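In: no sequence on this one, just coordinates:
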């Protein structure tokens, strides 16, 4: 593992943000496109893949497991898969850097194959609990050798024949659901996942597109029930990856809080399980319009146009968390500029992201003079017409903390510094350049 030197970044307020931009491809879909391409027989072509560190780690893992993965000069990625059940045992440890999604989903992929693989990651990923994915894999017959707390580094040894299971997801988590379904691909019979609270459904949509026998219904209790028949032959696909709504959130919120701004973000994924932030911003009175809605590869997308305006505080219900779990840090920035109190409920999942995001956001708000209250699973932000800024934010190697507080600095009275902007590359390469194209001022002191 390479240890990178910290790279502080500073954002300054200034002119309005103006223009049209396209943010990187959706990270969730990019991970899955590479993985299902590796499990198909033949060549999958992927356009618009997010070319970030996180996704590159998943691509490297697919190569180590036997697939051919390369990028052609036209920017299209080509994955020649080996087929379900035919993964190769990797010669070296699979290094996922900071990529929690990639690590957890590939654990499901490896866990039902009769191979041994070791998973490693950076300091941040090595602190994150993996037990919620490993527990169902153990029920399927996977052997796990891990340090205390089921944290990286860890080694998986899949069974000769994985056991299909019926699994009720204990907490709303698309990663857990997806890991179980991906493991179920190489288990004979039917693997069933029961979701009391629906989460993003990219795995189900994409598996269906690749030809898997997967059916989603609702039981008498109103829960989603997903049934997957194992050991299919997946058919390679041509995939266009829409733009990531989690990345689109940053220029959208920046425009809403920066006076005089008008920004359009093109080709944004509008999957209903990913649009909780847009719903919340509209409830806050945001001037947010969705244009040119259309469909590609079973997913809705459209262009989002936003203009600066007055926001008001709202209460964000706990049941909305699965559809905007990655967007709470930047929502807290919008809330800092809103009239009144914004209350966010049901945030326990933020405690186990790339950092303890709830505490990291609260600390960043405090450093910049923003009135707030942190609860065990709640955050209350009291907004104001002007926000002091001027603080230095500890990012804890968390890309979303870094980007959120850089957005704050674009509209605060004083510049905002983040202690390390290097992790931004894990999900949003070109972040600084995109904001520069809109008129924003984000600098990296000492950079050439």
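Out: Cool, the structure landed. Please read these numbers as outputs of a predicted model, since none were measured by experiment. Residues are numbered from 1 along each chain as shown.
In: Correct me if wrong: residue 40 contacts residue 238.
Out: No. Taking contacts as Cβ atoms under 8 Å, residue 40 lies outside contact range of residue 238: 11.7 Å. From N, CA and C alone the C-beta is placed, and that goes for glycine too.
In: residue contacts, residue 91?
Out: residue 64 (Cβ atoms under 8 Å, 6 or more residues apart in numbering).
In: And it, how far from residue 117?
Out: Applying Cβ to Cβ, to the nearest Å, the value for residue 91 to residue 117 is 10 Å.
In: Now do stretch 69-83: everything it contacts.
Out: With contact meaning Cβ under 8 Å, 6+ apart, stretch 69-83 is reached by 33-34, 37-47, 49, 51, 59, 62-63, 65-68, 88, 233-234, 236.
In: Keep only those of these that are in helices.
Out: Counting by DSSP state H, the part of the contacts of stretch 69-83 found in helices is 33, 34, 37, 38, 39, 59, 62, 63.
In: can I get these in JSON lines with pLDDT and neighbour count?
Out: Formatted as JSON lines, those follow (pLDDT from 0 to 100; neighbours: other Cβ atoms under 10 Å):
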{"residue": "33", "pLDDT": "96", "neighbour count": "32"}
{"residue": "34", "pLDDT": "98", "neighbour count": "30"}
{"residue": "37", "pLDDT": "97", "neighbour count": "28"}
{"residue": "38", "pLDDT": "98", "neighbour count": "29"}
{"residue": "39", "pLDDT": "98", "neighbour count": "30"}
{"residue": "59", "pLDDT": "98", "neighbour count": "25"}
{"residue": "62", "pLDDT": "98", "neighbour count": "24"}
{"residue": "63", "pLDDT": "98", "neighbour count": "16"}
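In: I'd like the residues you listed laid out as a markdown table, including distance to residue 384.
Out: Converted to a markdown table, the ones in helices among the contacts of stretch 69-83 look like this (distance: Cβ to Cβ, whole Å):
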| residue | distance to residue 384 |
| --- | --- |
| 33 | 43 |
| 34 | 44 |
| 37 | 48 |
| 38 | 50 |
| 39 | 51 |
| 59 | 44 |
| 62 | 48 |
| 63 | 51 |
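In: Residue 251: which of those residues is nearest?
Out: Minimum distance to residue 251 across the ones in helices among the contacts of stretch 69-83 is 24.0 Å, recorded for residue 33 (Cβ to Cβ).
In: and that closest one, what is it in contact with?
Out: Here residue 33 is in contact with 44, 46, 49, 79, 206, 239, 241 (criterion: Cβ under 8 Å, 6+ apart).
In: how far away is it from residue 17?
Out: Distance from residue 33 to residue 17, by Cβ to Cβ: 31 Å.
In: Now the residue lying closest to residue 20 once chain neighbours are set aside. Its backbone dihedrals?
Out: Spatially, and ignoring its direct neighbours in sequence, residue 20 is nearest to residue 264 (4.4 Å; Cβ to Cβ, 6 or more residues apart in numbering). Note on residue 264: its backbone torsions stand at phi -120, psi 130 [degrees, to the nearest 10].
In: what's the burial count for residue 264?
Out: Look at residue 264: counted by other Cβ atoms under 10 Å, it has 21 neighbours.
In: contacting residues around it?
Out: Contacts of residue 264 (Cβ under 8 Å, 6+ apart): 19, 20, 21, 291, 303, 304, 305, 306.
In: Now intersect those residues with the strands, please.
Out: If you go by DSSP state E, the contacts of residue 264 have 19, 20, 21, 291, 303, 304, 305, 306 in strands.
In: quick one: the fourth one and residue 301 touch, right?
Out: No. Here residue 291 lies out of contact with residue 301, judged by Cβ under 8 Å, at a distance of 11.1 Å.
In: neighbour-wise, which of these two wins?
Out: Higher neighbour count among residue 291 and residue 301: residue 301, with 23 against 10, using other Cβ under 10 Å.
In: List the residues that contact the residue sitting furthest away from the middle of the chain.
Out: Distance to the chain centre peaks in the chain at residue 160, reaching 32.2 Å (criterion: Cα atoms, centre = their mean). Neighbouring residues of residue 160 by Cβ under 8 Å, 6+ apart: residue 114.
In: run the last query once more with 10 Å
Out: For residue 160, the contact set (Cβ atoms under 10 Å, 6 or more residues apart in numbering) comprises 113, 114, 141.
In: Mind checking which of the residues you listed are buried?
Out: For the contacts of residue 160, a neighbour count by 16 or more other Cβ atoms under 10 Å gives the buried set as 113, 141.
In: Mind putting the contacts of residue 160 into CSV with distance to residue 365, pLDDT and secondary structure?
Out: Formatted as CSV, the entries for these read as follows, by distance: Cβ to Cβ, whole Å; pLDDT from 0 to 100; DSSP: H, G, I helix; E, B strand; the rest coil:
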residue, distance to residue 365, pLDDT, secondary structure
113, 45, 98, coil
114, 49, 98, coil
141, 46, 98, coil
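In: Distance to residue 171 for the contacts of residue 160 - can I get that in a markdown table?
Out: Below are the contacts of residue 160 laid out as a markdown table (distance: Cβ to Cβ, whole Å):
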| residue | distance to residue 171 |
| --- | --- |
| 113 | 26 |
| 114 | 30 |
| 141 | 23 |
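In: which one of the contacts of residue 264 has the most neighbours?
Out: Going by other Cβ under 10 Å, residue 304 tops those with 27 neighbours.
In: my guess is that residue contacts residue 270, does it?
Out: Yes. Assessed by Cβ atoms under 10 Å, residue 304 is found in contact with residue 270 at 8.7 Å.
In: Lovely, talk soon.
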